[in-house]
Each structure stands twice: as C-alpha cells, then as structure tokens.
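After the sequence you'll find the predicted model.
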Amino acid sequence: MRIGELADAVGVTTRTVRHYHHLGLLPEPERLSNGYRDYTLRHAVLLARIRRLTELGLGLGEVRDVLADDVGKELVEVLSELDDDLARQEAAIRERRARLRALMDSGVSVEGPVSPELASLFQRTAYLSSHSPMAAKDREILALIETSAGPEERGQLTSLLGKSLATPDSIERARAAYALLDDLADADPDDPRVDEASRILTDCLPDEIVQGAVVDHDSSFLRALYADFAPAQAEAIRRTIQQLVTPERTAPSPPPDPPA
C-alpha cells in the first residue's frame with residue numbers, strides 16, 4: 001500500500017502518518033525501487049490501534065508506552081489512570097456548571113462573568129451605571145479587581161462593598177458621588193469640585209476597604225487607573241485613596257469636655 005491508501009484505510013491523514021513516523025510510533029516500511037514506501041497490513045493494524053488509543057484520550061507519549069508492552073498490562077494501567085483523570089474532569093465540569101447556574105440565577109452583567117456576590121451587588125445598583133458613565137466604569141474596575149484578587153480578598157471586597165451600599169441613603173450618596181465625578185469630565189485638576197468629589201466618594205467607602213494597605217501612587221496599576229480617567233476625575237480618585245489610607249480618618253475626634 002502507498003501512504004495515501006494506508007491513511008484512507010484507517011481514516012487518518014497522510015500528515016498524521018508522517019507525524020507518527022517522526023515520533024517513532026509507526027515504523028518506517030520498506031521502500032520500493034522507485035523510492036515509495038510500501039506499507040503492509042501490519043502497518044494498518046498498528047495505525048488503527050494508535051487511532052483507537054488516541055480517541056480514548058491517551059496522549060502520544062502514553063500511546064508509545066502502551067505499544068511498547070506486548071503483554072498488555074501497561075494498557076490496563078494507562079486506561080485506569082485515564083479513567084481516574086476523566087472522573088476528575090467530570091467533577092470539575094460539575095463544579096463549573098454549578099457556578100454558571102449561580103451566575104445566571106443572580107443575573108449576568110456586561111462586566112461578567114463575576115462572582116455571584118458581585119453580580120448581586122451589580123444587580124441592586126444597576127440603575128446607577130445606566131445613568132452614569134463613571135458608575136459604569138467603576139463596575140468594570142471592580143470586576144477587574146475581583147478577578148485578580150485571591151478567594152479571601154474577593155470575599156472581603158464584595159462583603160465590604162455590599163455593606164457600604166446596603167441602604168437607600170448609601171446608594172443615594174453613591175449616586176451623588178458619581179454625578180459629581182461625571183461633571184468633572186471636562187474640568188481642570190485644580191477645580192474646587194475635586195475636593196468635594198473626593199470627600200463625598202470617601203464617605204461612600206468603608207475604612208476597611210484599604211485597611212493596612214500601602215499605596216504607591218506611582219505603581220503601574222494606579223498609573224494605568226489614573227490614566228483611564230479625565231485629569232480632574234483622576235485627581236479626585238487619587239485624593240480619595242489618600243484619604244482612605246490616612247489613619248486620622250478612622251480615628252474620630254474626642255467629644256468636647258463638659259463645661260465646668
């Protein structure tokens with residue numbers, strides 16, 4: 001048989017046959033006087049076995065181990081390991097489907113997929129982003145931060161944000177902060193409203209959100225963050241971050257002494 005006839009008989013491509021030759025899985029046949037390979041039935045049988053093993057999910061390295069053992073014990077061992085691996089994949093797929101169901105049940109946002117907790121928060125505050133470009137951008141940044149954070153930090157972030165937006169008053173404060181930041185889109189960084197926006201935004205966020213954090217405003221992430229906003233908006237956010245990490249903010253002033 002020529003290589004094309006062998007490939008057609010087994011249902012593979014000639015490129016596959018040549019690849020198996022290159023890997024040493026399929027021995028080279030004798031060549032005819034004209035230089036063409038002359039394949040025998042034994043080559044077809046071996047090639048068919050290689051195809052069946054790869055269709056079971058074995059890698060080519062595992063196929064080589066199986067073919068090297070004439071007794072067949074290696075095949076049983078490899079297939080058992082393959083079965084265990086498929087069981088692990090099934091468990092992982094079930095877990096992923098459960099997470100997908102939870103996301104769909106809680107509502108999928110344009111920033112998603114995000115955690116069910118953050119998706120729930122986005123759902124409760126959806127009207128903010130529908131009216132405010134700054135709120136919409138804020139959701140994108142929160143989704144980015146959650147994706148890059150570890151599981152523990154993720155849970156803390158969504159818990160703190162959920163508490164900070166748990167009441168109608170807190171959501172109204174957030175709406176006012178977003179509206180003021182939107183108004184700063186065409187303003188200069190020294191606009192008096194920058195301080196006001198920073199103060200309102202700081203009041204919207206819990207102290208614990210950056211508790212113990214060391215903030216480097218020249219870090220690559222913060223530089224990229226500031227660059228994504230208009231200058232006055234970036235300055236308001238920079239001042240907000242600075243306020244959040246200032247210890248004095250978390251230490252309320254003592255009450256005045258009672259009159260003598």
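Structure's in. What do you need?

Which segments of this protein make up each domain?
3-63, 109-249 (automatic domain parsing).

Can you say which of the ones you listed is nearest to residue 77?
When these are compared by CB to CB, domain 3-63 sits nearest residue 77, at 10.0 Å. Using the backbone N, CA and C atoms, a C-beta is placed for each residue, glycine as well.

Poorly predicted segments of the chain, please.
The chain contains residues with pLDDT under 70 at 69-75, 99-100, 102-113, 207, 210-214, 247-260.

could you pull out the helices for the stretch 51-200 of the chain?
Along the stretch 51-200 of the chain, counting by DSSP state H, counting those that start in this stretch, helices occupy 60-68, 73-106, 116-124, 126-131, 133-148, 151-164, 168-183, 193-204.

In CSV: the domains of the chain, plus distance to residue 79.
Supplementary listing: those in CSV, determined by distance: least, CB to CB, whole Å:
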stretch, distance to residue 79
domain 3-63, 7
domain 109-249, 35
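
Could you export those as CSV, including mean neighbour count?
Compiled in CSV, those are given as follows (neighbours: other CB atoms under 10 Å):
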stretch, mean neighbour count
domain 3-63, 14
domain 109-249, 16
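
ok, the residue nearest to the spatial centre of the chain - contacts?
The centroid of the chain falls nearest to residue 147 when counting by CA atoms, centre = their mean (5.4 Å). Residues near residue 147 by CB atoms under 8 Å, 6 or more residues apart in numbering: residue 114.

sorry, back to before: out of the domains of the chain, flag the one nearest residue 83.
For the domains of the chain, the distance to residue 83 is smallest for domain 3-63, at 9.6 Å, taking CB to CB.

ok, now how distant is residue 188 from residue 154?
Per CB to CB, to the nearest Å, residue 188 is found 37 Å from residue 154.

now do residue 1
Residue 1 is 59 Å from residue 154, by CB to CB.

Look up how far residue 139 lies from residue 232.
Taking CB to CB, one finds residue 232 at 21 Å from residue 139.

Identify whichever of the domains of the chain lies nearest to residue 90.
Closest to residue 90 of those is domain 3-63 (CB to CB; 12.6 Å).

Ends of that closest one, what's the gap?
End-to-end span of domain 3-63 (CA to CA, to the nearest Å): 21 Å.

again with stretch 8-22
Using CA to CA, the two ends of stretch 8-22 sit 19 Å apart.

Alright, I will stop here.
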